[in-house]
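> Sequence below, structure please.
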Amino acid sequence: MERMNQEEGRYRVILIGLENSSEEKKESFLDNLSKHSGLSLSQLRKIVDRCPIILKKNLTLKKAKALAKALQYFGATVSIEERKGLPPIFLEFQKIVPHRVALESAFIRRTPGGAWNLIGRVKNISEESLNDTWVLIQLFDVLKELLTFKEIPIPINPLPAGESSPFKVVLEGDIPIKNVSISFKNSSGNILPASDRRKRKWVEEDIPEYERETSSVQIRETPREVSRPHEIEVSPPSEELTQDKGKEVREEALGESILYKVEEGSLERVPESTGEKEEIMLRMMEDISSFTQKRKEEPPPFLWIEDFRQSIEIYYKNPRDQFINWFKTQQKCGGFVDSNHSLLTLLVHARFNQVNQSEKALKNTERVFRLILQPELRLEEISPLEGTPFFSGEIWRDLFFRAIPKLRQVVNNIMEKKQWDALDLERLIQVIPHMDIQNSRRSVRWIHELISDVVKIDFSDTPIHIGESLYRVASRLGVVNPYFDYYKGKNSMGNLKIQSFAKEAFPQYPIKIEEPMTWVGMKEEGGHCFPFQPQCEGCLFEAFCPRLYFHLNPSEKGMRDR
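So this is what the prediction gives:
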């Protein structure tokens, strides 16, 4: 899986929206762009109103970046996507009906160490729970000869009807993969007919903002979870776009056959002559320089940002998680033999903490954390455990015993490297049986908070998770406008603005705002920013919150992915 040549036309540019959605900024953006693009204000307004929308596809990376950066100068939010050059992943047994499971996502990547990781998500679309569901992965070479295969159980067992489960298959070794197949079966070997519901064949490309023109570019192989952008080129949509049955791809016919072309940072109508082309480029660059200077003179958007930071720090001075208090007590009294023991205990507890059962999870952790160091530990030596909504105490104990080798292996892998990117560490922890995305994310934050002297974690590029509570608080603080900044997934305006705000507040640790803002918006005891009739007295942000959208539920208005 080699990095694609940057000169190949594998990239497309998507206009997501405007950084500032006010009418004044919108008109300024349209006016500036109209002067130098050859399009009328009405045509451009039609484009912007239908964001996200594809401006141009089949570009080289150089041209895609030039177009994106030119639009950024004028205040637009844009995205560059690369057509994936990964080995094709084929889902087997689709023709057998009725389908019992659906493949919702699947992508394969190669780690720096040379291993292949295949990560996906499967949904039970039958009317009954599925017990002992397994994933079978087969790898083929260029001659379609079988290279190797591997099968693993999915983490959630049984898988209730209508529910989904992630899965991850790790294949070691330097294997020249050409094709990959996925199939599902039960523990007896009986196949489970599957439906293919995968949506994405593009990965997003990082682009430097106008303030960071010299930044390096890296490719993130992350499936985009946004609404399908509209097409405005008057050329037939590509095969990759039309294959997505869940979204409709529409073309924009703007009068005549208007195509956009990018040359060294300019967005232009195809010129009639070389002289016209050079004139357009010159005018574009002059306007960019003027516009950039104006943007630098603008005051910061959140005058209360320093008060906000102080409030977040106050929140973390009094831990509300009983496990954190227990863990710190064990550290002080010498309850852990060494750093490996403390990390192992932390991961054991994160795995026990299923469906917010923190109290039961802590009881289980207290019963086993001294035993887990025994090299020849037997099942009968483990005391009965508290069960979960899915497993009885006896089954949960048996599953924990089986997971101990993998827990120890992950601890060793973490300790060998010592310095981690937060997302990479999350993915590693997810290989532990019954360690879902939420648990792995929680454990990474605990590692940072409780044993940062043992494992260093870089959170600078870690996005925060946006739920109803957090979006509601962000709206009432004025970070987003629920009437315009809708939250519809990764590249929606609501998400982009909140992620940008988190980065501004804590550049090296953006997710630091996630827990406090979510807690403030909770409906349960302790929260303040309720959907209706919020109780502002005693709120963490009471002193500076502008109390916007006070008489409506911003999440109900602005969150479109629920």
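
> so for stretch 392-400, what's the average pLDDT?
Mean pLDDT, stretch 392-400: 93.

> same deal with stretch 533-549?
Mean pLDDT, computed over stretch 533-549, is 90.

> what's the answer for stretch 332-342, then?
pLDDT averaged over stretch 332-342 gives 94.

> Going by neighbour count, list what's buried in that stretch.
336, 340, 341, 342 (16 or more other Cβ atoms under 10 Å). No exception for glycine: its C-beta is placed from N, CA and C like everyone else's.

> What of stretch 402-410?
For stretch 402-410, burial by neighbour count (16+ other Cβ under 10 Å) applies to 403, 404, 407, 408, 410.

> tell me the two of these that are most distant?
Within the buried residues of stretch 402-410, 404 and 410 form the most distant pair, 10.9 Å apart (Cβ to Cβ).

> returning to that earlier point: now, which of the buried residues of stretch 402-410 lie within helices?
Residues of those located in helices (DSSP state H): 403, 404, 407, 408, 410.

> Turn those into JSON lines, columns for pLDDT and distance to residue 447.
Shown next, in JSON lines, are these (pLDDT from 0 to 100; distance: Cβ to Cβ, whole Å):
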{"residue": "403", "pLDDT": "94", "distance to residue 447": "18"}
{"residue": "404", "pLDDT": "95", "distance to residue 447": "19"}
{"residue": "407", "pLDDT": "95", "distance to residue 447": "14"}
{"residue": "408", "pLDDT": "95", "distance to residue 447": "16"}
{"residue": "410", "pLDDT": "95", "distance to residue 447": "12"}
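
> which of these lies closest to residue 465?
Distances from residue 465 to these, taken by Cβ to Cβ, are shortest for residue 410, at 22.3 Å.

> From residue 324, how far off is that closest one?
21 Å (Cβ to Cβ, to the nearest Å).

> again with residue 453
For residue 453, the distance to residue 324 equals 16 Å [Cβ to Cβ].

> Comparing these two, which shows the higher neighbour count?
Remark: of residue 453 and residue 324, residue 324 carries more neighbours, 13 against 7, as counted by other Cβ atoms under 10 Å.

> Now do the contacts for the more buried one.
Residues in contact with residue 324 (Cβ atoms under 8 Å, 6 or more residues apart in numbering) are 446, 449, 450.

> Also residue 386?
357, 360, 361, 363, 364, 393, 396.

> If we ignore the residues flanking it in sequence, what's nearest it?
Distance criterion Cβ to Cβ, 6 or more residues apart in numbering; nearest residue to residue 386, sequence neighbours excluded, is residue 360 at 3.9 Å.

> and what of residue 535?
Nearest one to residue 535, counting by Cβ to Cβ, 6+ apart, is residue 528 at 5.0 Å.

> and of the ones in helices among the buried residues of stretch 402-410, the nearest to residue 24?
Nearest to residue 24 among those, with distances taken as Cβ to Cβ, is residue 410, at 52.5 Å.

> which secondary structure element contains the residue nearest to that closest one when sequence neighbours are not counted?
Spatial nearest neighbour of residue 410, chain neighbours left out: residue 432 (5.7 Å); criterion: Cβ to Cβ, 6+ apart. Assigned by DSSP states H and E, residue 432 belongs to no helix or strand.

> As TSV, the buried residues of stretch 402-410 with distance to residue 482 would be great.
Shown next, in TSV, are the buried residues of stretch 402-410 (distance: Cβ to Cβ, whole Å):
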residue	distance to residue 482
403	42
404	47
407	43
408	47
410	41
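
> out of those, who's nearest residue 382?
Using Cβ to Cβ, the buried residues of stretch 402-410 come closest to residue 382 at residue 404, 9.5 Å.

> Can you check the pLDDT for the nearest residue to that closest one once chain neighbours are set aside?
Nearest residue to residue 404 in three dimensions, chain neighbours excluded: residue 372, at 6.4 Å (Cβ to Cβ, 6+ apart). Residue 372 is assigned 93 on the pLDDT scale.

> quick check, residue 372 in a helix?
No: assessed with DSSP: H, G, I helix; E, B strand; the rest coil, residue 372 is coil; it does not lie in a helix.

> what's the burial count for it?
Look at residue 372: counted by other Cβ under 10 Å, it has 19 neighbours.

> Make sure it is actually in contact with residue 347.
No: the pair residue 372 and residue 347 does not pass the contact test of Cβ atoms under 8 Å, sitting 9.8 Å apart.

> tell me, what's touching these two both at once?
Shared contacts of residue 372 and residue 347 (Cβ under 8 Å, 6+ apart): residue 407.

> still on that earlier bit, identify the residues contacting the residue nearest to residue 535.
So residue 528 contacts 520, 521, 534, 535, 536, 537, 538, 539, 540, 542 (Cβ under 8 Å, 6+ apart).

> what's the burial count for the residue nearest to residue 487 when sequence neighbours are not counted?
Among residues not flanking residue 487 along the chain, residue 494 sits closest, at 3.4 Å (Cβ to Cβ, 6+ apart). Around residue 494 there are 26 other residues, counting by other Cβ under 10 Å.

> What lies in contact with the helix or strand harbouring residue 494?
Here residue 494 sits within helix 493-505, counting by DSSP H and E. Residues from elsewhere that reach helix 493-505 (Cβ under 8 Å, 6+ apart): 16-17, 21, 77, 302, 305, 308-309, 312, 463-464, 466, 470-471, 474, 479-480, 482, 484-489, 510-514, 558-559.

> Pull the distance from the helix or strand just after it to the chain's centre.
Downstream of helix 493-505, the first helix or strand assigned by DSSP H and E is helix 514-520. Taking Cα atoms, centre = their mean, to the nearest Å, the mean C-alpha location of helix 514-520 is offset from the chain mean by 19 Å.

> can you check stretch 404-416 too?
Centroid separation between stretch 404-416 and its chain, computed with Cα atoms, centre = their mean, is 25 Å.

> now do stretch 329-343
Per Cα atoms, centre = their mean, the centroid offset for stretch 329-343 relative to its chain is 33 Å.

> again with stretch 103-123
The answer for stretch 103-123 is 15 Å, by Cα atoms, centre = their mean.

> Flag every buried residue along that stretch.
Neighbour counts using 16+ other Cβ under 10 Å place 103-108, 110, 116-123 of stretch 103-123 among the buried residues.

> Kindly check the end-to-end length of that stretch for me.
Stretch 103-123 has an end-to-end distance of 7 Å (criterion: Cα to Cα, to the nearest Å).

> Can you show me the strands along the stretch 351-500 of the chain?
Assigned by DSSP state E, counting those that start in this stretch, the stretch 351-500 of the chain shows strands spanning 419-421, 456-458.
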